[in-house]
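Asks: Provided below are the primary sequence and the corresponding predicted coordinates.
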Amino acid sequence: MKQDSRNLYLAIGLSLLVLIGWNYFFAGPQIEKSRQQQQQQALEQQMAASKGNNAGTDSSGLKAPSQGGNGAGAPQAIMTRAEAIAASPRIKLDTPALFGTINLKGARIDDVSLKGYRETVAKDSPHIILLSPNGSPEPYYAESGYVAPAESGLTLPKSDTLWTADRDLLTAEAPVTLSWDNGQGLVFHRTIAVDDHFMFTISDKVENKTDKPVTLYPYSLVSRHGRPATSGFAVLHEGMVGVIGDNGLQEITYDKILKEENATKSFNGTGGWLGFTDKYWAAVVVPDQAVRFEGRFSERGSVSQLFQADALGPAEIIAPGGTGNGMSRLFAGAKEVQTLDNYRDELGIKKFDLLIDWGYFYFITRPMFWVLHTIYQVVGNFGVAILCITVLVKALFFPLANRSYLSMAKMKAVQPQMVALRERYPDDKVKQQQELMELYKREKINPVAGCLPMLIQIPVFFALYKVLFVTIEMRQAPFFGWIHDLSAPDPTNIFNLFGLIPFDPTHLPLIGHFLAIGIWPLIMGFSMFLQMKMNPEPTDPVQKQMFAWMPVIFTFMLGTFPSGLVIYWTWNNTLSVLQQTLIMKRAGVKVELWDNLANMFRKKATT
């Protein structure tokens, strides 16, 4: 066996070991860790209510209530979500986008589901549940209110306070007003309104009927009990998120907050928002954008983890016989691009569009989404829009591709001279390279020009991948045939004969992650194979073998990618083949495709 061949097989073997090792030592344990966290979720909730109430302090020394309550209760038995909802009096929530209930105990917004989104593409699939009450398996809720210095002796509404409502239904057209009298001369009124989408507006009014001034500090928070399961992709942030004043976008993962001092990170500023984000959904509080506040992210508990994002406002002094007023908002819903943009512009919420993780390459991903969505509004199908945007990109870079393919044509013309050089200096690699460079210089050939068509795809590929992965508009967006969700991998699989065998090969240990090879990844691999055969085969045997294996490697790599991205890559390869054929024919250069395909069978027959 030649040394070059041994090196090639060694490289392939090492690559496979790296892939399998990555899956075994990293990806596999991460998945198992996530499963164990979900299994322990119920146990963690039982410990949640027994935790103390720790919180960060603002400049006044006061604390925003931790984990949504002012008092530590006894450990509670975990109920079903329905039982937890039925355990307290409520008013109904019903809008074009949301449904659920508002808890009169604590005035919490803790039961919210999304009308327009379901768990799967099936029409009878359950609706997405966003917020759930305390005592349920996965508590996740919002709360607002007031705190005051301990020496004031004031009784303020807290998590077990029972409010009264002026109506039993909250709609987009009719807000609900809650009231509570503390029996000490303070009467609290809270009006909760909601729009047609996902924004709640909470307006507080406090009547001071005492003969002394009262100082109160308003707060709002989102609390999440237990560590939620995340997708685990580095390309996407899931966890705590916010913009507080001029501090910029803060993205804090559930692991990162544990590394902060006292598991707390605080910021001060005027304007902004903070809360929790998942891949497609979010719950964030939005304080008054004209008022300075302290924003705080925190985690409490050793066995049970309780995560919280809260905002504590400045002191509000209410004169005797006077009335104090406050306002905050809560976004609880789907991260729709246009909806977030409208909230940013119409409500003046600072950088609210960054609730979607556009990434560091915002200047590429955001325009990519805009173009894609604009085309979609015309053609009515995101898959077709992807095909159209590929054509636009090809047209945009046509001059560059034209020069690249012409350079490749020149490379083909001097192929006999390159072979002669290698035969003339078979044992002197340095001399070969020197003569080869002289040949390129003499014939005005750029040896790397052939890579340009591939390189110019990379920014477009990355931007499209990000858009497909993070924008909810792509979620469950159908194409044609068996592709019902462009943001998910191709559901078919060659290893179970495309569903004929009742077996899911992706569940196999170690190698299952690499066996997600559906119809579209196979088509993509074939299109890449044809594109490779358009060019002269490398004379170096190692390069020749690497080029031969590239379509196979990319087929396995892209098998788990969103199907929309695989469709883009396939269509791009097809257009590249057609484009290169046209350019080479116009340049009077022979197209290598058919000869290269024929040579494969000739060599096989000879062997």
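Replies: Perfect, I can see it now.
Asks: when you work out contacts or count neighbours from here on, use the C-alpha atoms and nothing else.
Replies: Will do.
Asks: which residue ranges form the strands in the stretch 201-350 of the chain?
Replies: Assigned by DSSP state E, counting those that start in this stretch, the stretch 201-350 of the chain shows strands spanning 214-225, 239-244, 249-252, 264-270, 272-277, 281-287, 292-300, 306-312, 316-318, 323-334.
Asks: TSV for those strands, including distance to L131 and mean neighbour count?
Replies: Compiled in TSV, these are given as follows (distance: least, Cα to Cα, whole Å; neighbours: other Cα atoms under 10 Å):
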stretch	distance to L131	mean neighbour count
strand 214-225	9	24
strand 239-244	15	26
strand 249-252	20	17
strand 264-270	23	18
strand 272-277	11	28
strand 281-287	8	27
strand 292-300	19	25
strand 306-312	14	29
strand 316-318	30	16
strand 323-334	8	21
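Asks: what's the closest of these to E423?
Replies: strand 249-252 (58.8 Å; Cα to Cα).
Asks: contacts made by that closest one with the rest, please.
Replies: H237, G239, M240, V241, G242, V243, L354 (Cα atoms under 8 Å, 6 or more residues apart in numbering).
Asks: could you measure from the third one over to A420?
Replies: Applying Cα to Cα, to the nearest Å, the value for M240 to A420 is 63 Å.
Asks: any stretches of the stretch 501-607 of the chain with poor pLDDT?
Replies: 511-513, 536-540, 587, 589, 601-607 (pLDDT under 70).
Asks: which residues of it fall in helices?
Replies: Ranges of helices within the stretch 501-607 of the chain are 519-533, 541-558, 563-586, 593-606, based on DSSP state H, counting those that start in this stretch.
Asks: need the CA coordinates for the longest one. PDB is fine.
Replies: What follows is the C-alpha trace of helix 563-586 in PDB, where atoms were taken according to Å, rounded to 0.1, in the frame of the first residue of the first chain:
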ATOM      1  CA  SER A 563     -34.700  20.200   5.800                       C
ATOM      2  CA  GLY A 564     -35.100  23.700   4.400                       C
ATOM      3  CA  LEU A 565     -31.300  24.100   4.600                       C
ATOM      4  CA  VAL A 566     -30.800  20.800   2.800                       C
ATOM      5  CA  ILE A 567     -33.200  21.800   0.100                       C
ATOM      6  CA  TYR A 568     -31.300  25.100  -0.300                       C
ATOM      7  CA  TRP A 569     -28.000  23.200  -0.600                       C
ATOM      8  CA  THR A 570     -29.400  20.800  -3.200                       C
ATOM      9  CA  TRP A 571     -30.900  23.500  -5.300                       C
ATOM     10  CA  ASN A 572     -27.700  25.500  -5.000                       C
ATOM     11  CA  ASN A 573     -25.600  22.600  -6.200                       C
ATOM     12  CA  THR A 574     -28.000  22.000  -9.100                       C
ATOM     13  CA  LEU A 575     -27.800  25.700 -10.200                       C
ATOM     14  CA  SER A 576     -24.000  25.500  -9.900                       C
ATOM     15  CA  VAL A 577     -23.900  22.500 -12.300                       C
ATOM     16  CA  LEU A 578     -26.100  24.400 -14.800                       C
ATOM     17  CA  GLN A 579     -24.200  27.600 -14.400                       C
ATOM     18  CA  GLN A 580     -20.800  26.000 -14.800                       C
ATOM     19  CA  THR A 581     -22.000  24.000 -17.900                       C
ATOM     20  CA  LEU A 582     -23.200  27.300 -19.500                       C
ATOM     21  CA  ILE A 583     -20.000  29.200 -18.700                       C
ATOM     22  CA  MET A 584     -17.700  26.400 -19.900                       C
ATOM     23  CA  LYS A 585     -19.500  25.900 -23.200                       C
ATOM     24  CA  ARG A 586     -19.400  29.700 -23.900                       C
END
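Asks: need the residues that contact that helix.
Replies: Applying Cα under 8 Å, 6+ apart, the contact partners of helix 563-586 are 383, 386-387, 390-391, 394, 402, 405-406, 409, 461, 464-465, 468, 483, 485-490, 520-521, 523-525, 527-528, 530-531, 534, 558, 590-591.
Asks: list the buried ones in it?
Replies: 563-577, 579-581, 583-584 (16 or more other Cα atoms under 10 Å).
Asks: now find how far off-centre it is within its chain.
Replies: Chain-centre distance of helix 563-586: 29 Å, with Cα atoms, centre = their mean, to the nearest Å.
Asks: tell me what angle that helix forms with helix 519-533.
Replies: 20 degrees (axes from the mean of the first three to the mean of the last three Cα atoms, to 10 degrees).
Asks: so helix 563-586 versus helix 541-558, what angle?
Replies: Using the same axes, to 10 degrees, helix 563-586 lies at 140 degrees relative to helix 541-558.
Asks: and the most far-flung residue of the chain relative to its centre, what pLDDT?
Replies: The centre of the chain is farthest from one residue, R424, which by Cα atoms, centre = their mean lies 56.2 Å away. Listed pLDDT for R424 reads 82.
Asks: that one and Q434: what is the separation?
Replies: Taking Cα to Cα, one finds R424 at 13 Å from Q434.
Asks: tell me how far L130 lies from F469.
Replies: 20 Å.
Asks: can I get stretch 431-447 as PDB, trimmed to CA atoms?
Replies: Taking Å, rounded to 0.1, in the frame of the first residue of the first chain, the C-alpha atoms of stretch 431-447 are listed here in PDB:
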ATOM      1  CA  LYS A 431      10.600  21.100  -7.300                       C
ATOM      2  CA  GLN A 432       7.100  20.000  -8.400                       C
ATOM      3  CA  GLN A 433       5.500  22.800  -6.500                       C
ATOM      4  CA  GLN A 434       8.000  25.400  -7.700                       C
ATOM      5  CA  GLU A 435       7.400  24.400 -11.400                       C
ATOM      6  CA  LEU A 436       3.700  24.300 -10.800                       C
ATOM      7  CA  MET A 437       3.600  27.800  -9.400                       C
ATOM      8  CA  GLU A 438       5.600  29.000 -12.400                       C
ATOM      9  CA  LEU A 439       3.100  27.300 -14.700                       C
ATOM     10  CA  TYR A 440       0.200  29.100 -12.900                       C
ATOM     11  CA  LYS A 441       1.900  32.400 -13.100                       C
ATOM     12  CA  ARG A 442       2.700  31.900 -16.800                       C
ATOM     13  CA  GLU A 443      -0.800  30.900 -17.700                       C
ATOM     14  CA  LYS A 444      -2.400  33.500 -15.300                       C
ATOM     15  CA  ILE A 445      -4.200  30.900 -13.300                       C
ATOM     16  CA  ASN A 446      -5.500  31.300  -9.800                       C
ATOM     17  CA  PRO A 447      -5.400  27.800  -8.200                       C
END
